[in-house]
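Chemist: Provided below are the primary sequence and the corresponding predicted coordinates.
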Amino acid sequence: MPAFLKGVNYLSPLRYSLRNLAPYSLRDIVFTCTDAQTLPDGTCPITNGMEVLKLYDLDDNPALNIMALGVCTLVYRLLAYAMLKAMRRHWSDSKGGAGVGRKWTAKKEKRSST
């Protein structure tokens with residue numbers, strides 16, 4: 001995978017939610033296989049959930065991943081708030097300085113002075 005896409009993966013909240021949930025759901029599972037699925041030496045390729053976690057590199061600390069999920073969510077919310085504030089400021093400035101917020105404030109001041 002290209003390095004750019006690996007970096008984008010760290011920005012996804014889905015990454016952290018999957019990495020948090022996988023150890024809880026796979027840790028104690030035992031897998032069986034049929035004769036057609038066995039390896040030439042007669043063993044199953046995967047026998048338990050811990051092997052699956054190690055295979056997909058999901059055998060790390062789930063608490064760390066839930067913390068990273070919280071941080072990722074907080075960062076996304078802060079970015080969305082900043083973008084909304086910037087768009088509101090841009091929108092009110094493009095209307096000649098009399099945006100919705102300024103009109104409401106002017107009306108409120110007018111009522112309180114009378």
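Modeler: All right, it came through fine. Residues are numbered from 1 along each chain as shown.
Chemist: show me where the protein has its helices.
Modeler: Counting by DSSP state H, the chain forms helices over residues 3-9, 13-26, 49-55, 62-94, 100-113, given from the N-terminal end onward.
Chemist: now do the longest one: distance to the chain's middle.
Modeler: Mean C-alpha position of helix 62-94 versus that of the full chain (C-alpha atoms, centre = their mean, to the nearest Å) differs by 12 Å.
Chemist: just list what that helix packs against, helices and strands only.
Modeler: Helices and strands in packing contact with helix 62-94 are listed as helix 13-26, helix 100-113; criterion 3 or more C-beta pairs under 8 Å, 6 or more residues apart in numbering; DSSP states H and E. In this view, the C-beta of every residue, glycine as well, is placed from N, C-alpha and C.
Chemist: ok, the second one next?
Modeler: With contacts taken as 3+ C-beta pairs under 8 Å, 6+ apart, helix 13-26 sits against helix 49-55, helix 62-94.
Chemist: quick one, the longest one and helix 13-26 angle?
Modeler: Relative orientation of helix 62-94 versus helix 13-26 (axes from the mean of the first three to the mean of the last three C-alpha atoms, to 10 degrees): 160 degrees.
Chemist: quick one: mean pLDDT for helix 62-94?
Modeler: For helix 62-94, the mean pLDDT works out to 90.
Chemist: how about it: buried residues?
Modeler: Applying a neighbour-count criterion of 16 or more other C-beta atoms under 10 Å, one finds Pro62, Asn65, Ala68, Leu69, Cys72, Ser92 buried in helix 62-94.
Chemist: okay, now the nearest residue to Thr32 once chain neighbours are set aside: neighbour count?
Modeler: Setting aside the residues directly before and after it, Thr32 is nearest to Cys44 in space (C-beta to C-beta, 6 or more residues apart in numbering), at 6.8 Å. By the criterion of other C-beta atoms under 10 Å, Cys44 has 14 neighbours.
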